[in-house]
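1. predicted structure and sequence below. I'll ask about it afterward.
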Amino acid sequence: MKKYEYKFMKFSSKLGFDFDSKCDELERQWNELGNQGWMFCKEGNGFIIFIREVNNSDI
């Protein structure tokens, strides 16, 4: 049976108007999570939820 783990991250917009800089930072963060095996699952209520499969050897 497949098993999964979830990561909840608070989602808050940083103050300021430098949209390009904000996008670059988010892209860096999401790419790092992707490199760790996390995949975007859902956003809501101030959270972003990521999911990744857990190998039986990780348990």
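-> That came in fine, so what should we check first?
2. now the worst-scoring helix or strand of the chain on mean pLDDT: buried residues?
-> The weakest-scoring helix or strand in the chain, judged by mean pLDDT, DSSP states H and E, is helix 19-35 (a mean of 91). Buried residues in helix 19-35, counted by 16 or more other Cβ atoms under 10 Å: Leu33. Any C-beta I mention is one placed from the backbone N, CA and C, and that applies to glycine too.
3. next structured bit after that helix?
-> Elements were assigned by DSSP states H and E; along the chain past helix 19-35, the next helix or strand is strand 39-44.
4. what's that next one in contact with?
-> Contact partners of strand 39-44, identified using Cβ atoms under 8 Å, 6 or more residues apart in numbering, comprise Tyr6, Phe11, Trp30, Ile48, Ile49, Phe50, Ile51, Arg52.
5. ok, and the closest non-adjacent residue to the third one?
-> This points to Trp30. Nearest non-adjacent residue to Trp30, counting by Cβ to Cβ, 6 or more residues apart in numbering: Phe40, 7.4 Å away.
6. which strand residues sit across from the most centrally placed residue in the chain in the sheet?
-> By Cα atoms, centre = their mean, the chain has its centre lying nearest to Phe50, at 4.8 Å. Here Phe50 sits in beta bridges with Lys7, Phe40, going by DSSP bridges.
7. ok, it to Asp18 distance?
-> Going from Phe50 to Asp18 by Cβ to Cβ, to the nearest Å gives 25 Å.
8. separation between the closest residue to Ile51 other than its chain neighbours and Lys2?
-> Excluding its sequence neighbours, the residue lying closest to Ile51 (Cβ to Cβ, 6+ apart) is Cys41, at 4.3 Å. From Cys41 across to Lys2, the span is 14 Å (Cβ to Cβ).
9. who has more neighbours, those two?
-> Set Cys41 next to Lys2 and count neighbours by other Cβ atoms under 10 Å: Cys41 wins out with 14 against 7.
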